[in-house]
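Asker: when you get a sec, could you give me coordinates for this:
(one chain, ligands or ions: 1)
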Amino acid sequence: MCIFCKIVKGEIPNRTILESEEFLCFEDINPACKIHVLIIPKEHYDSFDVIPPKIMANMTEFIHKVASKLGVRQSGYRLITNIGNHGGQEVSHLHFHLLAGEKVGRLVGKES
Ligand code: AMP
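Answerer: Predicted structure coming up:
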C-alpha cells in the first residue's frame, strides 16, 4: 500500500486541513514555503494522468474549499501536480501541492 493510502487509512499520522468523503488535504511534511499542503483523492490513482475527469471536477471544488479555508484566494496560490519520472513525482498517489502564504519562486525547468 502506498504512503498516502496509509495516511487515508489513519496508519500514518497527518495534520489535516480539510476532509470530505472523497478527498483529504493535509500539511506537507517538508514545506517548501509558508503554506504547503497536499490535496489527494482518498481512492488511489497513480497520478493526474489517470484520474477520471468526473472525479477531477469534484476535486476542483474541494481545492477551492481548501483555498477558502486557508484564506488565500485573494492573495493567490500555486497548484502543482508532478506526473511520473520526468515530472519529478516521488509519491505515486495523485496529489496537488498548494503553495501559498508568500510569493513563491519562479517555476523551474531542467534539474540543475
Ligand atoms: P512529489 O515529489 O510531487 O511526489 O511530492 C511528494 C510530497 O509528499 C513531498 O513534498 C513530500 O514532502 C511529501 N510527503 C511525503 N511523505 C509525507 C507524509 N508522510 N506526510 C506529509 N507529506 C509527505
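
Asker: for this structure, which strand is longest?
Answerer: strand 35-41 (DSSP state E).

Asker: all helices for this structure, in order.
Answerer: In the chain, helices defined by DSSP state H lie at 3-9, 53-70, 84-87, listed in chain order.

Asker: wait, which of those helices is closest to the ligand?
Answerer: helix 3-9 (5.5 Å; Cβ to the nearest ligand atom). For every residue, glycine as well, the C-beta is placed using N, CA and C.

Asker: hmm, back to that, pick the most deeply packed of the helices of the chain.
Answerer: Comparing these by mean neighbour count (mean count of other Cβ atoms under 10 Å), helix 3-9 ranks first with a mean of 16.

Asker: who's in contact with that one?
Answerer: Met1, Ile12, Asn14, Leu24, Phe26, Leu38, Ile40, Lys42, His44, Val91, His93, His95 (Cβ atoms under 8 Å, 6 or more residues apart in numbering).

Asker: ranking those residues by neighbours, who comes first?
Answerer: His95 (25 neighbours; other Cβ atoms under 10 Å).

Asker: got a list of what it touches?
Answerer: Phe4, Leu38, Ile39, Ile40, Thr81.

Asker: near the ligand too, which of these?
Answerer: Leu38 (Cβ under 6 Å from any ligand atom).

Asker: most widely separated two among the contacts of His95?
Answerer: Phe4 and Thr81 (13.0 Å; Cβ to Cβ).

Asker: for the chain, which spans come out with low pLDDT?
Answerer: Per-residue confidence for the chain (pLDDT under 70) gives these ranges: 112.
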